[in-house]
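Enquirer: Below: sequence and its predicted model.
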Amino acid sequence: MKLKKLIGALAAVTLAAPGVALATNGYFSHGYGIKAKGMAGVSIALPQDALAAANNPAGMAFVGDRLDVGVDWFRPIRDSELAPNVMPPITGDFDGSDKKNFFVPEFGYNKMLGWNMALGVSVYGNGGMNTTYANGPAPFGGIPFFNGGTGQRTGINLEQLFIAPTFAYKINKNHAVGVSLNLAYQRFRADGLGNPMLVGMSSSPTNFTDKGVDTSTGWGVKIGYTGNLTDAVTVGATYQSRTWMSKFSDYKGLFANQGEFDIPENYGIGIAVKATPKLTIAADIQQINYSDVDSVGNSVFNLFAAGNPLGSDNGPGFGWRDMTVFKLGVSYAWSEKLTLRAGASTTRQPIPKDETLFNMLAPGVIENHLTLGATWAVSPSSELSVAYMHGFNKKVKGSGSVPMVPGLEANIKMYQDSLGIAYGLKF
């Protein structure tokens, strides 16, 4: 209880920003820190600011004494359809973007303790999911398939926040290790899932939908290594454990294992090469193991084929696959004051074609990103950074996705844009 109160208090300031949510590599961000976001999230071997611990804790040993504060404006456009449109208004096209604009804050502080030790904290949004299908005159509002034709607003909102106190240690001038204690905070709500058919499939019908906001807290660890192999080549590796979260008790009839929603383990490797005195080329490979978390990875067929009710042990989830994300970024020092960045990332589709029905509520289908960024040195001790991201439009057409109605398919699609700004202060 004390841990939950502590994390909740620390998170309150950050989550005061309206609409903290993002879903881009599944429901993880494409990167952490505005500088890294300008390079498609590349960061494991390229620490650039006090958000380094979000990517690789060892990087904090190389960024010096600094403070970084920023915010990212995130705009996802989500749509879904039940096709063919033979049973209007049950079937048809549905706009899940009644709420389009979200603001994602970030904060980092790092202090060197001598030449070889660093102590800091990074605060960032790990990810989230949001769909908002607007209410309207029954039976046309929301998604009638989910709300039973009541016209009620339909959707979910998941927000996640990490507060990561970090210690990094330089073994020598070229090699460092680091560890972060990841204190995690989640908020979730579900609205308009009151179709009697769905409620009847829940192990706890009174804890299934329209329960308001529920919260969850937990912890995990993140470790990392950064090493300068030569003056021009740096490598890095990082591992984040599964983050064990308290259960969403108000939604124990929705999520598998009575409301369990842990944050999956993830890990990665990276390399950064200083090709010229002005040009740096860097790449990361990141693995996110969504399938290990039942509420995310379990198939809808755990309900329809195996007969496990929603919310039960080994109950159905969103059916997401594990993701391997490939990121490539470049940084070019145009002048002493201006640094330019660009990047691209790609991954395979996390949502199988037969899992699109429940994912009308969580259409995390983005596969490819393109980013641009820049930093302007306002003075020798302060700087402004910006980053833009476009997640390219992707549509997943269902195949065998509505088991109770053969021939009916759920199709989902999304594209995204974000624009962020951060202020950095060296001291």
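Expert: That came through fine.
Enquirer: Buried residues, stretch 262-275. List them.
Expert: Counting neighbours by 16 or more other Cβ atoms under 10 Å, one finds that the buried residues in stretch 262-275 are 262-274. Any C-beta I mention is one placed from the backbone N, CA and C, and that applies to glycine too.
Enquirer: An error on my part: the question was meant for stretch 194-204.
Expert: 194, 195, 198, 199, 201, 202, 203, 204.
Enquirer: how many other residues sit next to residue 206?
Expert: Using other Cβ atoms under 10 Å, residue 206 has 11 neighbouring residues.
Enquirer: returning to that earlier point: and of the buried residues of stretch 262-275, the nearest to residue 251?
Expert: residue 262 (14.3 Å; Cβ to Cβ).
Enquirer: want to throw the buried residues of stretch 262-275 into a markdown table with distance to residue 375, pLDDT and secondary structure?
Expert: Formatted as a markdown table, the buried residues of stretch 262-275 follow (distance: Cβ to Cβ, whole Å; pLDDT from 0 to 100; DSSP: H, G, I helix; E, B strand; the rest coil):
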| residue | distance to residue 375 | pLDDT | secondary structure |
| --- | --- | --- | --- |
| 262 | 36 | 97 | coil |
| 263 | 30 | 96 | strand |
| 264 | 32 | 97 | coil |
| 265 | 32 | 97 | coil |
| 266 | 27 | 97 | strand |
| 267 | 28 | 98 | strand |
| 268 | 23 | 98 | strand |
| 269 | 25 | 98 | strand |
| 270 | 20 | 98 | strand |
| 271 | 21 | 98 | strand |
| 272 | 16 | 98 | strand |
| 273 | 20 | 98 | strand |
| 274 | 17 | 98 | strand |
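Enquirer: what residues are up against the closest residue to residue 320 other than its chain neighbours?
Expert: Spatial nearest neighbour of residue 320, excluding adjacent residues (Cβ to Cβ, 6 or more residues apart in numbering): residue 290 at 4.3 Å. Shown in contact with residue 290 (Cβ atoms under 8 Å, 6 or more residues apart in numbering): 26, 264, 296, 297, 320, 321, 322, 323, 350.
Enquirer: what about residue 290, distance to residue 262?
Expert: Note on residue 290: its distance to residue 262, by Cβ to Cβ, to the nearest Å, is 11 Å.
Enquirer: hey, where'd the helices end up in the stretch 251-400 of the chain?
Expert: Per DSSP state H, counting those that start in this stretch, the stretch 251-400 of the chain carries helices over the ranges 256-259, 294-297, 301-304.
Enquirer: Same list, those, but as a markdown table with mean neighbour count, mean pLDDT and distance to residue 221 please.
Expert: Listed next are the helices of the stretch 251-400 of the chain as a markdown table, based on neighbours: other Cβ atoms under 10 Å; pLDDT from 0 to 100; distance: least, Cβ to Cβ, whole Å:
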| stretch | mean neighbour count | mean pLDDT | distance to residue 221 |
| --- | --- | --- | --- |
| helix 256-259 | 22 | 98 | 22 |
| helix 294-297 | 22 | 97 | 20 |
| helix 301-304 | 18 | 92 | 30 |
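Enquirer: Compare these and report which one is nearest to residue 156.
Expert: Using Cβ to Cβ, the nearest of those to residue 156 is helix 294-297, at 11.8 Å.
Enquirer: and the closest one, what does it pack onto?
Expert: Helices and strands touching helix 294-297, by 3 or more Cβ pairs under 8 Å, 6 or more residues apart in numbering; DSSP states H and E, are helix 256-259.
Enquirer: neighbouring contacts of the helix it packs on?
Expert: For helix 256-259, the surrounding residues in contact (Cβ under 8 Å, 6+ apart) are 203-204, 207, 247-252, 294-295, 298, 302, 310-317.
Enquirer: Which secondary structure element is home to residue 76?
Expert: Here residue 76, judged by DSSP states H and E, is contained in strand 66-83.
Enquirer: Tell me the strands beside that strand, with direction?
Expert: Partner strands for strand 66-83, per DSSP bridges, with pairing direction: strand 92-95 (antiparallel), strand 102-112 (antiparallel), strand 409-426 (antiparallel).
Enquirer: With mean neighbour count, distance to residue 129 and mean pLDDT added, can I get those in CSV?
Expert: Putting those into CSV (neighbours: other Cβ atoms under 10 Å; distance: least, Cβ to Cβ, whole Å; pLDDT from 0 to 100) gives the following:
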stretch, mean neighbour count, distance to residue 129, mean pLDDT
strand 92-95, 16, 16, 96
strand 102-112, 21, 11, 95
strand 409-426, 20, 11, 97
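Enquirer: Which one, of these, ends up nearest to residue 402?
Expert: Distance to residue 402, taken as Cβ to Cβ, is lowest for strand 409-426 among these, at 6.0 Å.
Enquirer: picking up where we left off before, just checking, which of the buried residues of stretch 194-204 belong to helices?
Expert: 198, 199 (DSSP state H).
Enquirer: Need the buried residues of stretch 194-204 in a markdown table (columns: pLDDT).
Expert: What follows is the buried residues of stretch 194-204, written out as a markdown table (pLDDT from 0 to 100):
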| residue | pLDDT |
| --- | --- |
| 194 | 96 |
| 195 | 95 |
| 198 | 93 |
| 199 | 96 |
| 201 | 96 |
| 202 | 97 |
| 203 | 97 |
| 204 | 98 |
